[in-house]
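Peer 1: predicted coordinates and the sequence they were generated for:
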Amino acid sequence: MKALTRKLCEMEKNVLNSCPDPEETFLGFTNVNEQELFQTACKIIKTHTLQTSQLEAKQKANPHINYAFEREQLVLSGEAQTLVDQALRIIFLRSTNIFDTYLAPFFHLEDSVCKMLFYSRFFWFLSEMKDMLRYNYLVRTIVCEPGFFDLNPEEQEEKLKPVHATCREWFTDESHTKYLQTNS
């Protein structure tokens, strides 16, 4: 496991240099090692997705049977998880490079103060979106429970109360100030 991690770390050092080749900046790369890594990661993910969907089908067919042992077997091994994580990390590095090289300069015009303001607002925006989507996911999860709409409005509100307690106004000056205070 350590040898694999070391090899992947060495490969990561060669992913992007300070002045990447325009041909290599995009995800249509020619590095054979990376292509092999991505193919392996895709196979792992496809196999895992297939196994998960098969187990879900079994659970739907026999809901009274406990499939806890089978669920535990679906957890990726350390080596498989490392390969998938490394592939995702390389994709993230390449995507970030594309964003920094081609898109962000249109907004901050390579001025250092504008760049700082742009990225502080950009990451605040991503943080707000994450919080808002999480809130919507929690509400949807409760509302989609079987029998939710059979309850009277007071009982529905009682079930939603813990989630509504986390609700706030997003994308306000106050939320930006709070984000800057917690992340500086």
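Peer 2: Done, it's in.

Peer 1: go through the helices and strands of the chain and name the one with the lowest mean pLDDT.
Peer 2: Within the chain, no helix or strand scores below helix 22-25, which has a mean of 53 by mean pLDDT, DSSP states H and E.

Peer 1: can you give me the offset of the following helix or strand past that one from its chain's centre?
Peer 2: Counting by DSSP states H and E, the element after helix 22-25 in chain order, helix or strand, is helix 32-61. Centroid separation for helix 32-61 versus its chain: 17 Å, with C-alpha atoms, centre = their mean, to the nearest Å.

Peer 1: next SSE after helix 32-61?
Peer 2: The helix or strand immediately downstream of helix 32-61 is helix 68-73, counting by DSSP H and E.

Peer 1: what does that following helix contact?
Peer 2: For helix 68-73, contacts defined as C-beta atoms under 8 Å, 6 or more residues apart in numbering pick out 55, 58. C-beta: built from backbone N, CA, C; applies to glycine.

Peer 1: can you give me the buried ones in the helix or strand following that helix?
Peer 2: Counting by DSSP H and E, the element after helix 68-73 in chain order, helix or strand, is helix 78-98. Neighbour-count burial for helix 78-98, counted by 16 or more other C-beta atoms under 10 Å, picks out 80, 82-84, 86-87, 90, 94, 97.

Peer 1: could you give the separation of the following helix or strand past helix 78-98 from the chain centroid?
Peer 2: Per DSSP H and E, the first helix or strand lying C-terminal to helix 78-98 is helix 105-108. How far helix 105-108 lies from its chain's middle: 25 Å, per C-alpha atoms, centre = their mean.

Peer 1: mind giving me the packing neighbours of helix 105-108?
Peer 2: Contacts defined by 3 or more C-beta pairs under 8 Å, 6 or more residues apart in numbering; DSSP states H and E place helix 105-108 against helix 112-143.
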